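Student: Quick check, what structure comes out for this input:
(chains A and B)
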Amino acid sequence: MEVPVSASPIKGSAWGGGRSPFSIEYGKLMMWIFLLSDAFTFSALLVTYGTIRNSVSAIHWPNPEEVFKSIPFAEINAPLVFVGLMTFILIMSSVTMVLAVEAGHRMAKKEVQKWMIWTILGGIAFLSCQAWEWSHLIKEGASLTGNPWGATQFSQLFFVITGFHGFHVLSGVVINMIILANVNAGTYERRGQYGMVEKVGLYWHFVDLVWVFVFTFFYLI
Amino acid sequence: MNPDEIRAADDLEHAHEEGNAMTPKRIWFVFWVLLGITSIEFIITLYLVHTFHWSTGIKGFVLIALTLLKAYYIVGYFMHLKFEKTPLIYIIGMPTILIIGLIAGLVSEGHHWLLTR
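Tutor: Numbers count the residues shown, from 1 in each chain, chains lettered A, B, ... in the order given. Prediction:
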């Protein structure tokens, strides 16, 4: 791999030219920059949440343990159990995604397919959970203009932020499906590398990362 | 050598070649770390806060610290940033640190709105 470059005055320097100082693929670098910009968007929403929450008197702010206490198919008081399940599903799908990336490094097409399918199923399971939670809260009277537990701002921010995150999950599932179709068609096998799986993996982990923050701010604090 | 050893040796060689440090063993280790931190967060919210009467400030501080720790494991290991070149880590890390400053500033601003109402 070592190519002697006698003409270069600063041989071996990362910024000496002739190669990327980041030594990653162009598409992956661009994915990172996109994710940084997406992080700004989510930060704007979370900054809004922090500001508005602190501008509302604590007695008007609903207690998450009372709002999120229901689970499907049973009339019992189970605070935060359902959101715990959603969090577990998303972490699990992040694990299967990184296993798909790892299999891609070994050019193991069958394993990449298996882990991609699990990741997509995890994403769909998460979205189904969210659909149930939304419809349940709407049935109980939560909306963009009202909130039976206290401050209206709570349900406004809840629907906007989890909605924006859910939309990201949905896009992630769709992109994962497209990449899986390419894996099935042998596109990356012909290319000799599974770089695209890594790129969609970065996006998928980012979605998981955002959920970690949404989970803390909305359900725990 | 048995197949596992061959595979482990392959992993090591591969890791050396392409900087791929995420072996399945490490992936599952990070999974257990994330699951463990999440469980601790649940225990804090549902039991410790009520039993020991934590103030909102302490609860918020501990939970945010644990969340940032989780973020470190996801970005560092799952997104592989820990093993990338230093300039890339700076490009992604530095603006994020500025965001934390923005959050701190505006949260205190929100508190001010409440006082002036």
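
Student: Kindly state the pLDDT recorded for residue B:2?
Tutor: pLDDT, residue B:2: 54.

Student: What sits closest to the residue in chain A positioned nearest to chain B if chain neighbours are left out?
Tutor: For chain A and chain B, the shortest gap (Cβ to the nearest Cβ) falls at residue A:54, measuring 3.3 Å. Yep, even glycine has a C-beta here, placed from its N, CA and C like the rest. Computed as Cβ to Cβ, 6 or more residues apart in numbering or on different chains, the closest residue to residue A:54 that is not its neighbour in sequence is residue B:110, at 3.3 Å.

Student: in the least confident helix or strand in chain A by mean pLDDT, what counts as buried?
Tutor: Within chain A, no helix or strand scores below helix A:64-67, which has a mean of 87 by mean pLDDT, DSSP states H and E. Neighbour counts over helix A:64-67 (16 or more other Cβ atoms under 10 Å in any protein chain shown) mark A:64, A:65, A:67 as buried.

Student: Break chain B into its domains for me.
Tutor: As recorded under automatic domain parsing, the domains making up chain B are B:3-84, B:86-117.

Student: Output those as CSV; include the columns distance to residue A:117 and mean neighbour count.
Tutor: Listed next are the domains of chain B as CSV, based on distance: least, Cβ to Cβ, whole Å; neighbours: other Cβ atoms under 10 Å in any protein chain shown:
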stretch, distance to residue A:117, mean neighbour count
domain B:3-84, 17, 15
domain B:86-117, 30, 13
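
Student: Can you flag the weakest of these by average pLDDT?
Tutor: For those, where the average pLDDT is lowest is domain B:3-84, sitting at a mean of 82.

Student: Does chain A have contacts with it?
Tutor: Yes. Judged by Cβ under 8 Å from any Cβ of the partner chain, domain B:3-84 and chain A are in contact via B:10, B:14, B:18, B:20, B:22-24, B:27-28, B:30-31, B:34-35, B:38, B:41-42, B:44-46, B:56, B:59-60, B:63-64, B:66-67, B:70-71, B:74-75, B:78-79, B:84.

Student: For chain B, give the helix that spans the most residues.
Tutor: Criterion DSSP state H: the longest helix present in chain B is helix B:86-116.

Student: err, chain A, not the other one
Tutor: Ranked by number of residues, the top helix in chain A under DSSP H is helix A:152-185.

Student: List the buried residues for that one?
Tutor: Residues A:153-159, A:161-162, A:165-166, A:168-170, A:172-173, A:176, A:179-180, A:182-183 are the ones in helix A:152-185 that count as buried (16+ other Cβ under 10 Å).

Student: In chain B, what residue comes closest to chain A?
Tutor: For chain B, Cβ to the nearest Cβ, closest residue to chain A: residue B:110, 3.3 Å.

Student: which residues touch that residue?
Tutor: Shown in contact with residue B:110 (Cβ atoms under 8 Å, 6 or more residues apart in numbering or on different chains): A:50, A:51, A:52, A:53, A:54, A:55.

Student: In helices only, show me these.
Tutor: Those of the contacts of residue B:110 lying in helices (DSSP H): A:50, A:51, A:52, A:53, A:54, A:55.

Student: Take those and write them to a markdown table, including neighbour count and pLDDT.
Tutor: What follows is these, written out as a markdown table (neighbours: other Cβ atoms under 10 Å in any protein chain shown; pLDDT from 0 to 100):
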| residue | neighbour count | pLDDT |
| --- | --- | --- |
| A:50 | 22 | 91 |
| A:51 | 19 | 93 |
| A:52 | 18 | 93 |
| A:53 | 21 | 92 |
| A:54 | 19 | 90 |
| A:55 | 19 | 92 |
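
Student: Could you export those residues as TSV, including distance to residue A:142?
Tutor: Output for the ones in helices among the contacts of residue B:110, formatted as TSV (distance: Cβ to Cβ, whole Å):
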residue	distance to residue A:142
A:50	21
A:51	21
A:52	16
A:53	16
A:54	21
A:55	20
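
Student: okay, among these, which ones form the most distant pair?
Tutor: Within those, two members stand farthest from each other by Cβ to Cβ: A:50 and A:55, at 9.7 Å.

Student: Distance check, residue A:132 against residue A:168.
Tutor: Here residue A:132 is placed at a distance of 19 Å from residue A:168 (Cβ to Cβ, to the nearest Å).

Student: Could you list the low-pLDDT ranges of chain A?
Tutor: Applying pLDDT under 70 to chain A flags the ranges A:1-12.
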